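Novice: Have a look at this fold, sequence not included:
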């Protein structure tokens, strides 16, 4: 709406809804925020009530802090960054758990193999055992 982009709906991800009655001095406005990966060659254009559109690197806190944005747009950017950081942390935790489970499974497999080898290994003889005697019974 504010950037004059025609975007496929399936590429949009609902991020949040901002509806603080104090966020806009003109009136109570509700913003529905969507996110998507915008290819580098696509340059948004100002539209509706936007005067300018700038593409900025939001990973740089200095840039974000020095942005001149409307009302609570910095809040939206900061919330987005926190959300992505949290997603990355959760993904890292999930990967660590998966690695631990794989390692645990590998350790269990090694223990099982060692146990099987011990079960199949011949019993060591000390030399003072009685010789093994076999009885043969003729069939009637």
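Specialist: Looks like it arrived, so ask away. Quantities reported herein were computed from a predicted structural model and do not represent experimental measurements.
Novice: all contacts plus neighbour counts: C-alpha atoms, from now on.
Specialist: OK.
Novice: Surely residue 15 touches residue 76?
Specialist: No. In this structure residue 15 lies outside contact range of residue 76 using C-alpha atoms under 8 Å: 9.2 Å.
Novice: would you say residue 33 is within a helix?
Specialist: No. Applying DSSP: H, G, I helix; E, B strand; the rest coil, one finds residue 33 to be strand, outside a helix.
Novice: residues touching it, list them.
Specialist: For residue 33, the contacting residues are 14, 15, 16, 17, 18, by C-alpha atoms under 8 Å, 6 or more residues apart in numbering.
Novice: residues in contact with the last one?
Specialist: Going back to what we said before, that points to residue 18. Residue 18 makes contact with 30, 31, 32, 33 under the criterion C-alpha under 8 Å, 6+ apart.
Novice: One more pass at 10 Å, please.
Specialist: Applying C-alpha atoms under 10 Å, 6 or more residues apart in numbering, we find residue 18 in contact with 29, 30, 31, 32, 33, 72, 73, 75, 76.
Novice: Report the beta-bridge partner residues of it.
Specialist: On the basis of DSSP bridges, residue 18 is bridged to residue 31.
Novice: now the lengthiest helix in the chain, how far from the chain's geometric center?
Specialist: In the chain, taking DSSP state H as the definition, the longest helix is helix 73-120. Centroid displacement of helix 73-120 relative to its chain, using C-alpha atoms, centre = their mean, to the nearest Å, is 11 Å.
Novice: Can you give me the pLDDT of the spatially most central residue of the chain?
Specialist: In the chain, the residue lying closest to the centroid (C-alpha atoms, centre = their mean) is residue 91, at 2.8 Å. The model reports residue 91 with a pLDDT of 92.
Novice: residues contacting it?
Specialist: Shown in contact with residue 91 (C-alpha under 10 Å, 6+ apart): 85, 97.
Novice: how close does it sit to residue 85?
Specialist: Distance of residue 91 to residue 85, given as C-alpha to C-alpha, to the nearest Å: 10 Å.
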